[in-house]
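**Q** Starting from these lines, generate the structure:
(chains A and B)
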Number of protein chains: 2
Amino acid sequence: MKVITTRELKQDLETLLGQEVCLQGWIRNHRKQKNMGFIDFYDGTCFKNPQVVYDDSIGNFSEISALHVGSAITVTGTVVPSYRDPSTPEVKALSITLEGDSPEDYPLQPKRHSVEFLRSIAYLRPRTRLFQAVFRVRSVAAMAIHPHYQDRGYLYVHTPLITANDAEGAGNTFTVTTLPKGSTAPGTEDFFGRDTSLAVTGQLEGETFAMAFSRIYTFGPTFRAENSNTKTHASEFWMIEPEIAFCDIQQLMDIEEDFLKAVVQTVLDKCPDELEFLDKFSGGGLVEKLQALATAKCARISHHEAMTILREVKDRFEFEPKYGGDTAKEHEKYLTEEYFHGPVFIYDWPKDIKAFYMYQNDDGETVAGVDLLVPGSGELMGGPQREHRLDLLCRRMDELHISKEQMDWYVNLRRFGGCVHSGFGMGFERLIMYLTGVENIRDVIPYPRTPGECEF
Amino acid sequence: MKVITTRELKQDLETLLGQEVCLQGWIRNHRKQKNMGFIDFYDGTCFKNPQVVYDDSIGNFSEISALHVGSAITVTGTVVPSYRDPSTPEVKALSITLEGDSPEDYPLQPKRHSVEFLRSIAYLRPRTRLFQAVFRVRSVAAMAIHPHYQDRGYLYVHTPLITANDAEGAGNTFTVTTLPKGSTAPGTEDFFGRDTSLAVTGQLEGETFAMAFSRIYTFGPTFRAENSNTKTHASEFWMIEPEIAFCDIQQLMDIEEDFLKAVVQTVLDKCPDELEFLDKFSGGGLVEKLQALATAKCARISHHEAMTILREVKDRFEFEPKYGGDTAKEHEKYLTEEYFHGPVFIYDWPKDIKAFYMYQNDDGETVAGVDLLVPGSGELMGGPQREHRLDLLCRRMDELHISKEQMDWYVNLRRFGGCVHSGFGMGFERLIMYLTGVENIRDVIPYPRTPGECEF
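**A** Prediction:
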């Protein structure tokens, strides 16, 4: 008999009711009575799983009754309606075969384990309901990026991860080398004939492709050797970096907003069962928050306006909001959760706290950068209109002592048919935290890398 | 007036004929006559580009006549039919505005440049027709992976790139460190508290997710510090690694074949203009080859059978085909191009030339590995049914001196509800070379990294 997945079972439920099916998967829980048994069965393809029921009319009743949690099994049986939940059937077993045993002391027992414990067995945690939900949402959100952009003519670009550039200025990068430990040989003797590190962004290379294909996006890993042990920092994470030619900062905000809403809507559509679980897990309000985001209009204010709003209530903050200064977490929280009750774009930032490649506004003080803040997570996206004017870019690079020679190809984009263009970056894990309500970045990455941690 | 892309122009051509439109992009070629001019215009969103025609009724005729190749421009004009190609209109310009100039000595002139020269200006080559075709195919193929697998219930998993494992045995990896050059400090003092390197595969972590979600795939970068300067090796490349629980080697071949055909068919459907160009560029036969692959049944033979076939004509080979030995490029070429005239799976390989994790067949001599060979490119996919039997896996690891302690989590998958499972890997760049007819891996990666080369 052809084996089907629980996903197929759910999709074709009407046809399959009363039919005989064959399933393969694992035992999450096993409750035994004298003449019957109930197996919480899962194969990971569908979040809501059928219960497998057997009784002593089955051949090897005593063997089946002894099956451990965690074991792999093959089940053949008849699909019958469930009284608990009409959308999820039961399977009345005709035969159950053990495929792979699991010991009595299998680490995942049918009880609530702490996320800290589960991190210590990260290779087993995808089997739990929490991580089945989180990683399915991650997968669906990752997929959603591609049709959204490709339907709009964007090109998916794989920017390099090993690089000789250091886009964000010195430091915070991992060295990549094949020289033996302790070697003091110069970069010219290393594998690539120069010193190399892991990329902190694909933006610069992305710009070169936007100047050829008009609209591009990247989606790939990025690295930061930052020694900060927080809930929101990882040393290896995924980023999405779209870059658009002939696009100014106002159009950029439209593109960011459309994109975010499309991903949120896709996850709402494709993962209702996962979100229902995550909503409960995270204390409620998750689905409501996502539904609101998918339809709400994001507010748009300048950094100056933001500071005016914040300064009206400045006594409540630990850090005083200042014109010309950066925003603190508490400021972002106030703006999104109390003042606007929703996402807000803040644009035109003081130039001294932003990167060299941002478009310099006529006021001489601000640059056309924009951050999107969302309730609960703070900054979700960030990016500017780029400085496309050769003379202004060069002057800014000189002021900040950035080598124009090393980055001549980047500068040259402004010589060879340059144009107004803009781009932004979104940390994918930040998005997943936002979509799942999970509060620690370590719990939305399969195998997180953080200072001192590189297990599995 | 709203700006549209050339892609939108092509899609809505019937509606837009006779209408006024606004386009933004670049000048690829510019031919001038006394009272008229012709601009080969492109914005990179569509492979076949409209010609922009202007005459001296336009306001600034002499300025426009002087526009350089490579310049960025905004064009408004009327869409008119083209006599050269009914599917690609002309735009009769009403106004042309310079957005960004380009110098007389712009490196990309309207003539055929060698791929070697273009590699030296890799940041400009995406603007050429060859690389517009190659990178669009790459983007479309990358996208095609996701719906193919997600529609079948697979989970997309991001496996880690910084790793403390060394799955393929010692060597060939890049060290990742934050220790200063020359430091002899032990790994315990490094960023992650241990020695780390860049991953050569995501397979082992992929297996842990297959044991939770049944069907998973990875798609991400992979690294090899191999000092080999060939047309088919890069130090950084992308891999797709599906892994499927409750799947044996025969089912694995079905999955590989379905996947390859789906990607090929998607590219045939979505990139006809690009493929037409690449067909001519690569000397003809490309589209025919891809169409044949999309419908043909892949042959399936054991390694033993392959050797029997090869040994019948052994005198024509430089390397003698041997039972128990590896295949050479010339053998693969004979099998795919002369004997089967199409793709062929070779399964059940001698165990001594394959990795420790492959399922050990009953004959004691072979393992259930399988390679897919295709005409023109040789090996495209490779992977085995995994050894899921704890005792046999441990014995093989011992024989090959692979530490079971360091990989206890991998071994444990066989203790905790293990099952028959299989997976394969496909080098994405090999696929793109196959799809485009491009012969050097450096020309299918935006910024290739090879020994001694890490530009841009």
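**Q** burial of the closest residue to A:Asp56 other than its chain neighbours, as a residue count?
**A** Take A:Asp56 and drop its neighbours on the chain: the residue closest to it by CB to CB, 6 or more residues apart in numbering or on different chains is A:Asn35, 4.7 Å away. C-beta coordinates here come from the backbone N, C-alpha and C atoms, glycine included. A:Asn35 is flanked by 11 other residues according to other CB atoms under 10 Å in any protein chain shown.
**Q** shouldn't A:Asn35 be in contact with A:Tyr54?
**A** No. The pair A:Asn35 and A:Tyr54 fails to qualify as a contact (CB atoms under 8 Å) at a distance of 9.9 Å.
**Q** so what pLDDT did the residue nearest to A:Asp56 get?
**A** Here, the pLDDT recorded for A:Asn35 equals 95.
**Q** Name the spans of chain A whose pLDDT lies under the cut-off.
**A** Along chain A, the model assigns pLDDT under 70 to residues A:166-171.
**Q** Would you mind naming the helix or strand containing A:Leu204?
**A** helix A:203-213 (DSSP states H and E).
**Q** in its sheet, what does the helix or strand that that helix is followed by sit against?
**A** The helix or strand immediately downstream of helix A:203-213 is strand A:215-223, counting by DSSP H and E. Counting by DSSP bridges, the strands paired with strand A:215-223 are strand A:155-157 (parallel), strand A:236-240 (antiparallel), strand A:243-245 (antiparallel).
**Q** Any residues of the stretch 351-456 of chain A in contact with chain B? List them.
**A** Contacts of the stretch 351-456 of chain A with chain B, taken as CB under 8 Å from any CB of the partner chain, map to A:388, A:409-410, A:412-420, A:445-447, A:449, A:451-456.
**Q** Mind checking which of these are in helices?
**A** Applying DSSP state H to those, the entries found in helices are A:409-410, A:412.
**Q** want to try a markdown table for those, with distance to A:Phe47 and neighbour count as columns?
**A** Compiled in a markdown table, these are given as follows (distance: CB to CB, whole Å; neighbours: other CB atoms under 10 Å in any protein chain shown):
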| residue | distance to A:Phe47 | neighbour count |
| --- | --- | --- |
| A:Trp409 | 47 | 18 |
| A:Tyr410 | 45 | 22 |
| A:Asn412 | 50 | 17 |
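**Q** any idea which of the residues you listed is closest to chain B?
**A** Nearest to chain B, judged by CB to the nearest CB, of these is A:Trp409 at 4.4 Å.
**Q** Neighbour count says what about the residues of the stretch 351-456 of chain A next to chain B? Which are buried?
**A** In these, burial by neighbour count holds for A:388, A:409-410, A:412-414, A:416-420, A:445-447, A:449, A:451, A:453-456, counting by 16 or more other CB atoms under 10 Å in any protein chain shown.
**Q** pull the longest strand from chain A.
**A** Of all the segments assigned as strand in chain A under DSSP state E, the longest by residue count is strand A:20-32.
**Q** so what secondary structure elements neighbour the next helix or strand after that strand?
**A** Toward the C-terminal end, the helix or strand that comes next after strand A:20-32 (DSSP H and E) is strand A:36-42. In this structure, strand A:36-42 makes packing contacts with strand A:20-32, strand A:51-55, strand A:72-80, judged by 3 or more CB pairs under 8 Å, 6 or more residues apart in numbering or on different chains; DSSP states H and E.
**Q** So the shortest one, near chain B or not?
**A** It refers to strand A:51-55. No. Legend: contact between strand A:51-55 and chain B by CB under 8 Å from any CB is lacking; minimum distance shown is 15.0 Å.
**Q** before we move on, the earlier item: list just the one of the helices and strands packed on strand A:36-42 that sits closest to B:Phe317.
**A** Comparing the helices and strands packed on strand A:36-42 against B:Phe317 with CB to CB, the closest turns out to be strand A:20-32 (43.8 Å).
**Q** Let's see the closest one as CSV, backbone CA atoms only.
**A** Below are the C-alpha coordinates for strand A:20-32, written out as CSV (Å, rounded to 0.1, in the frame of the first residue of the first chain):
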residue,chain,number,x,y,z
GLU,A,20,-7.5,2.2,4.5
VAL,A,21,-4.2,4.2,4.6
CYS,A,22,-0.6,3.6,5.5
LEU,A,23,1.4,6.2,7.5
GLN,A,24,5.0,6.4,8.7
GLY,A,25,6.2,8.6,11.5
TRP,A,26,6.9,8.7,15.3
ILE,A,27,5.2,8.3,18.6
ARG,A,28,5.0,11.6,20.5
ASN,A,29,2.8,10.1,23.3
HIS,A,30,1.4,6.7,24.1
ARG,A,31,-1.5,6.1,26.5
LYS,A,32,-2.5,2.6,27.3
